[in-house]
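Asks: Got a sequence here, can you model it:
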Amino acid sequence: MEDTIQVRSDEAKPTTTKDDDASGLLELDATSLKVKNIMSRTVVASAPPEPLLSAVARMSDRGVPCVIVVDGDEVVGIVTERDVLREATRGIEHVGKLTVADTMSSPVVTINSEARILDAGALMTAKNIKRLAVIEEERLCAVLTQMDVTRGLVSMARIKDVSCVMSTDIASVDASALVAEAIDIMACRHVSAVVALRQNEPVGILTEKDVLRQIVARCRDPRKTVVRDHMSRPVVSVPPSHSIISACQMMDDKRIHRVIVMDHGQVRGIVSQTDLLDALLVYVDRTRSDRSRGQAAVIGMADTITSDLSAIDGMIRRVLTLSKQVAADASTRDIDSRACADCRIQSGIQALKSAEDLISQCKDRVWRIARLS
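Replies: As a prediction, the model looks like this:
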């Protein structure tokens, strides 16, 4: 079977900007961006009987974090780096005996290509997963990754610096430790990477991808290899004040999924794609709530302005009617008529003052609507 599905898309992908000084606003079309606008249409597929090591080799060669397991046109499972690492702790001989069907996770969480990326991000967070199989016309067409969603959201939003989203509970291992120990730490801590230390100084990062590509794919035993020989280095770090948009751009450019946060030579935390996605989803949700409240306030003020304008119209009509009556009274020499004209004049003046007050209130509401818009 063909192991790679490539479909060209004419959908324009969102672009990001490196302007760190932009205000924290969410564009109005953010909620309409769809999965099909940002997904990767290259899928590495596998049949259930394929040897696991063969699938791992293709994952490594093509630089993808997973293979989608298909039986005909039906998506029956997914094999991720974490699935492979779980088996690798038992030795490379054990891995060599397994098939894709033995290792795959099932059922696969899927999403339609027409779904919004906000819904895709929320689904990843709820299921605690980093990728979704994308379905189009009832067939597998793409894989949507956590990085795809994060990139799409970051292209439309600005939030605070990395210190607001970084994890301070860092999983670490000594650079001289065995890789098997690092894998155990990842599994126990439910993380996809550990920071490698030498005399408490970060000297590298060992990720699930590193283990898969450099150890499992090459049939090496994690129980006989050390972290320092396979970790990614040098460490990519940013200061706590670094903006989230720039951190995401850096990860995208360097094809990495996490950066270390350092301040004056000290490790303060780590920022991963998961941290960024969680923060962006919270930000988008809060921004949408704020916008909804603002829209409700605008509607309320617009209704009040409409009511006030109706009242002003009535007052002006009353003044015009009074002015005609005053003119008629003033044309007679009757004392009572003249007295009645004076009363009408006072009533007209009061109506004009009331109209003036309402006009001032309308102006204030219009200004507030302009501010909210």
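
Asks: going forward, measure contacts between C-alpha atoms and count neighbours the same way
Replies: Fine.

Asks: Format the CA atom coordinates belonging to the helix or strand Val203 falls within as PDB.
Replies: Here Val203 sits within strand 201-207, counting by DSSP states H and E. Listed next in PDB are the C-alpha coordinates belonging to strand 201-207 (Å, rounded to 0.1, in the frame of the first residue of the first chain):
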ATOM      1  CA  GLU A 201      23.200  23.000  34.600                       C
ATOM      2  CA  PRO A 202      20.900  22.300  31.600                       C
ATOM      3  CA  VAL A 203      23.000  20.900  28.800                       C
ATOM      4  CA  GLY A 204      20.300  19.400  26.500                       C
ATOM      5  CA  ILE A 205      16.800  18.000  26.200                       C
ATOM      6  CA  LEU A 206      15.900  14.400  25.500                       C
ATOM      7  CA  THR A 207      12.500  14.000  23.800                       C
END
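
Asks: how about that strand: buried residues?
Replies: The neighbour-count check on strand 201-207 (16 or more other C-alpha atoms under 10 Å) flags Pro202, Val203, Gly204, Ile205, Leu206, Thr207 as buried.

Asks: other SSEs contacting that strand?
Replies: Under the contact definition 3 or more C-alpha pairs under 8 Å, 6 or more residues apart in numbering; DSSP states H and E, strand 201-207 sits against strand 193-198.

Asks: What segments of this protein are helices?
Replies: Taking DSSP state H as the test, the helices found in the chain are 52-62, 81-88, 92-96, 100-103, 117-127, 146-154, 179-189, 208-211, 244-254, 273-330, 335-372.

Asks: Tell me where the model's unsure across the stretch 151-300 of the chain.
Replies: The stretch 151-300 of the chain contains residues with pLDDT under 70 at 155-160, 288, 290.

Asks: contacting residues around stretch 130-139?
Replies: Contacts of stretch 130-139 with the rest of the structure, by C-alpha atoms under 8 Å, 6 or more residues apart in numbering, involve 68, 73-74, 108-113, 124, 140-146.

Asks: let's see it at 6 Å
Replies: Stretch 130-139 is contacted by residues Val109, Thr110, Ile111, Asn112, Ser113, Leu140, Cys141, Ala142, Val143, Leu144, Thr145, Gln146 when judged by C-alpha atoms under 6 Å, 6 or more residues apart in numbering.

Asks: Give me whichever of the helices of the chain is most buried.
Replies: Highest mean neighbour count among the helices of the chain (mean count of other C-alpha atoms under 10 Å): helix 146-154, with a mean of 24.

Asks: can you tell me which two in the contacts of stretch 130-139 are farthest apart?
Replies: Using C-alpha to C-alpha, these span at most 17.9 Å, a distance reached by Leu140 and Gln146.

Asks: per-residue confidence at Met1?
Replies: With respect to pLDDT, Met1 scores 43.

Asks: Check His94 too.
Replies: 91.

Asks: need the contact list for it.
Replies: Contacts of His94 by C-alpha under 6 Å, 6+ apart: none found.

Asks: Can we start the residue count at 427 from this point?
Replies: Will do, 427 is the new start, and the previous item becomes His520.

Asks: Report the distance from the strand holding Val629 to the chain centre.
Replies: Distance, stretch centre to chain centre, for strand 627-633: 27 Å (C-alpha atoms, centre = their mean, to the nearest Å).

Asks: pretty sure Ala483 is in contact with Ala643, am I right?
Replies: Yes - using C-alpha atoms under 6 Å, Ala483 makes contact with Ala643 at a distance of 5.2 Å.

Asks: Make a markdown table out of the buried residues of strand 627-633 and add distance to Gln699.
Replies: Shown next, in a markdown table, are these (distance: C-alpha to C-alpha, whole Å):
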| residue | distance to Gln699 |
| --- | --- |
| Pro628 | 20 |
| Val629 | 21 |
| Gly630 | 18 |
| Ile631 | 15 |
| Leu632 | 16 |
| Thr633 | 13 |
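
Asks: All set, thanks.
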